[in-house]
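**Student:** what follows is a predicted structure for the sequence shown.
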Amino acid sequence: MAKARGNSTGKGGGNGRVENGSGEGFWDRPMLINLLADILLLAGGALLAWAGAMALQRLPVFPLKQLVVATPLDQVSRAQIEQTARNVLTGNFFTVNLETAQTAFERMPWVRSASLRRRWPDGIELELEEHRAAALWTPKEGEPRLVSTRGEVFAAASADKGLPAFAGPEGSAGRVLARYREFSDNLAAIGRKPVAIHLSAREAWQIRLDDGVLLELGRDQPKHPLLDRLNRFTSHYAAVSSSAKSRLQTIGVVDMRYPNGFALRGIAALSPGGKIVPPPPGPRPRAGVTTVQPLARLPDFDSQPPWDGQAEAA
C-alpha cells in the first residue's frame, strides 16, 4: 500500500509538472486573449465600415446636381465649363474625383489654375483663375499663343487687336515682357509706344514703334545698356521732331548699335515682313568716330549701320 501510494504520488507529481507547463499556454493567459479579441473586433469593425461605405457609394444616392462657379470670368464661357463638367464630374457627391476634374479644367484655354471642393449636399464649387493677356507670342505648330501679365506663355487666341507682338527664344517671354514695360515707359516721353519686340537667339533686341519705325538696339552690355541707347534716341527725337516731321515719316530703321550715336535708313531697308534687309557692301564707320549727326542735319538716310560682328555687339 505504501508502495502504491508512492507510485501514485510519483505519478501525481509527474502530472502536476505537466499541468504547470500547460498553464503557460495561450489559453491560460487572459490578457493575451483579451488583446487578440480587441484587435479582431477593431479589424472587423473597420472592414464592416469599409464595406458599408462601398455599398453606399454604389447606391443611386447623393447625386451631383449643381456646379457653382465662385469667381467672375471674362474669357472662359459657360459653354466651355459645362462641356468640361459633363466629361469629368462623374459619380456622386462622394465618388467624384476632384483631382482629375481640376486637371481637366486647367487645360481649358485662358485658365491659369482651378480649384474644386465639395459643397454639401449635392454640389461642387469651382474657382478659376484666368490669364490676363499682355501680348501675342510666336505661334507653335499653328496654335496661337499669348503672354500673360505674369510673363507666362499659354495657348489661346485673343480678339484684342491692341496687343503688342512678342517674339523670342522659348522661355524668354518673361524677359521680353519686362523689357517691354521699360521701353514703354521710356518711349512715352515722346508720345510713342512699342507695338512689337523681337529678341533674337543672339540676344539682340528690336523694337517696332506705333509709327512703323524699327529700332535696332542690339545686345545689352554693361558699358552700353539698352536703356542708354533708347534714351539717346528719345532725346534726339524730342529735339527735332517738330522741325523734321515730314522726313521722320520716311524713316524705316533707326540703328542704335553705335556707341555714341545712331544711323537712319529709309523704309526701303525693310522687307515685307518688317525685318532689315542687309545693305550692299560699302564703307563702314571707323572705330572711335561718331558718324551720326542729329536727325535734322542728316542730308539723307543712307548711313551704313554697323553690320560687322564687333559693332553688332555694341
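**Tutor:** All right, it came through fine. Just so it is clear, the model here is predicted, and its values are computed rather than measured.
**Student:** show me what secondary structure element comes after the helix or strand harbouring residue 125.
**Tutor:** Under the criterion of DSSP states H and E, residue 125 resides in strand 123-130. Once the chain leaves strand 123-130, the next helix or strand it forms, by DSSP H and E, is strand 133-140.
**Student:** list the buried residues for that following strand?
**Tutor:** Under the neighbour-count criterion of 16 or more other Cβ atoms under 10 Å, strand 133-140 has 133, 134, 135, 136, 137, 138 buried. The C-beta positions use only the backbone N, C-alpha and C, and glycine is treated the same way.
**Student:** and those, which is closest to residue 259?
**Tutor:** Distance to residue 259, by Cβ to Cβ, is smallest for residue 135 among those, at 30.3 Å.
**Student:** who's the closest one bridged to?
**Tutor:** With DSSP bridges applied, residue 135 shows beta-bridge pairing to residue 147.
**Student:** dump the residue contacts of it.
**Tutor:** 146, 147, 163, 164, 165, 166, 176, 177, 180 (Cβ atoms under 8 Å, 6 or more residues apart in numbering).
**Student:** just the ones in strands from those residues, please.
**Tutor:** 146, 147, 165, 166 (DSSP state E).
**Student:** domain ranges for this structure?
**Tutor:** 66-130, 161-313 (automatic domain parsing).
**Student:** to the chain's geometric centre, what's the distance from the shortest one?
**Tutor:** Mean-position distance between domain 66-130 and its chain equals 20 Å (Cα atoms, centre = their mean, to the nearest Å).
**Student:** again with stretch 133-150
**Tutor:** 11 Å.
**Student:** same check on stretch 221-239?
**Tutor:** 32 Å.
**Student:** one more: stretch 204-218?
**Tutor:** 27 Å.
**Student:** tell me how far the ends of it are from each other?
**Tutor:** Here the two ends of stretch 204-218 are set 4 Å apart, with distance taken as Cα to Cα, to the nearest Å.
**Student:** do the same with stretch 108-128
**Tutor:** First-to-last distance for stretch 108-128 - Cα to Cα - comes to 10 Å.
**Student:** then stretch 123-140?
**Tutor:** 38 Å.
**Student:** let the chain start at 49 from now.
**Tutor:** Let's use 49 as the start, then, which means that last one is stretch 171-188.
**Student:** could you pull up the mean pLDDT of that stretch?
**Tutor:** Averaged across stretch 171-188, pLDDT comes to 94.
**Student:** now do it: distance to the chain's middle.
**Tutor:** 10 Å.
**Student:** all strands for this protein, in order.
**Tutor:** 114-117, 159-167, 171-178, 181-188, 191-196, 201-203, 213-215, 242-247, 252-257, 262-267, 299-303, 311-314.
**Student:** nearest to residue 78 among those strands would be which one?
**Tutor:** Of these, nearest to residue 78 by Cβ to Cβ is strand 159-167, at 46.9 Å.
**Student:** pull up the pairing partners for the closest one, direction included.
**Tutor:** Checking strand 159-167 against DSSP bridges gives partners strand 171-178 (antiparallel).
**Student:** and the partner strand, what's buried?
**Tutor:** Within strand 171-178, judged by 16+ other Cβ under 10 Å, the buried ones are 172, 174, 176, 178.
**Student:** before we move on, what about stretch 161-169?
**Tutor:** Judged by neighbour count using 16+ other Cβ under 10 Å, the buried positions of stretch 161-169 are 162, 164, 167.
**Student:** hmm, who's touching that stretch?
**Tutor:** So stretch 161-169 is contacted by 110, 114, 116, 141, 144, 146, 149-150, 153-154, 172-177 (Cβ under 8 Å, 6+ apart).
**Student:** please repeat the previous calculation with a cut-off of 6 Å.
**Tutor:** 146, 149, 150, 153, 154, 172, 173, 174, 175, 176, 177 (Cβ atoms under 6 Å, 6 or more residues apart in numbering).
**Student:** in CSV, list these along with distance to residue 99.
**Tutor:** Below are those laid out as CSV (distance: Cβ to Cβ, whole Å):
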residue, distance to residue 99
146, 24
149, 27
150, 29
153, 33
154, 35
172, 27
173, 30
174, 32
175, 35
176, 38
177, 40
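**Student:** closest to residue 80 out of those?
**Tutor:** Closest to residue 80, out of all of the contacts of stretch 161-169 and judged by Cβ to Cβ, is residue 146, at 44.9 Å.
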